[in-house]
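Enquirer: Next comes the sequence, and after it the predicted model I'd like to discuss.
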Amino acid sequence: MFNIHVLIDDAKCFQTVRDMRWPDCVCCPQCNSKTLICFGKDDTQKERQRYQCHACSKRFDNLTETVFAGHHQPLRTLGLFG
């Protein structure tokens, strides 16, 4: 298991989630297409990247369809990696 509490800031937490979820490159959770555009950042968590898939037009972010989806606390405080 990975202990997320050793990470210092939210940017590192989001980067770790991206690296664990998409080790090769970000892909659409609906159709697995790798043809995406960066679609801005979350209003409350600037480190949380948004994407839009060119193939199916689905919009998603780093946490879509993960255990973290729907949580509004900073990732470093959730302790779900512990």
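Expert: Noted; the coordinates are in hand.
Enquirer: shouldn't Gln45 be in contact with Ala11?
Expert: No: Gln45 is beyond contact range of Ala11, at 9.8 Å (criterion: Cβ atoms under 8 Å). C-beta here means a position set from N, CA and C on the backbone, and glycine is covered the same way.
Enquirer: and Gly48, how many residues sit next to it?
Expert: Just so we're on the same page, residue 48 is Arg rather than Gly. For Arg48, the count of nearby residues is 21 (other Cβ atoms under 10 Å).
Enquirer: out of everything not next to it in sequence, what's closest to it?
Expert: Nearest non-adjacent residue to Arg48, counting by Cβ to Cβ, 6 or more residues apart in numbering: Asp42, 3.8 Å away.
Enquirer: looking at the chain, which helix or strand does the model trust least?
Expert: Lowest on mean pLDDT, DSSP states H and E among the helices and strands of the chain sits helix 75-78, with a mean of 59.
Enquirer: ok, back up a step: if you count what's nearby, which of Gln45 and Ala11 comes out ahead?
Expert: Taking other Cβ under 10 Å, Gln45 and Ala11 do not tie; Gln45 has more neighbours (19 against 13).
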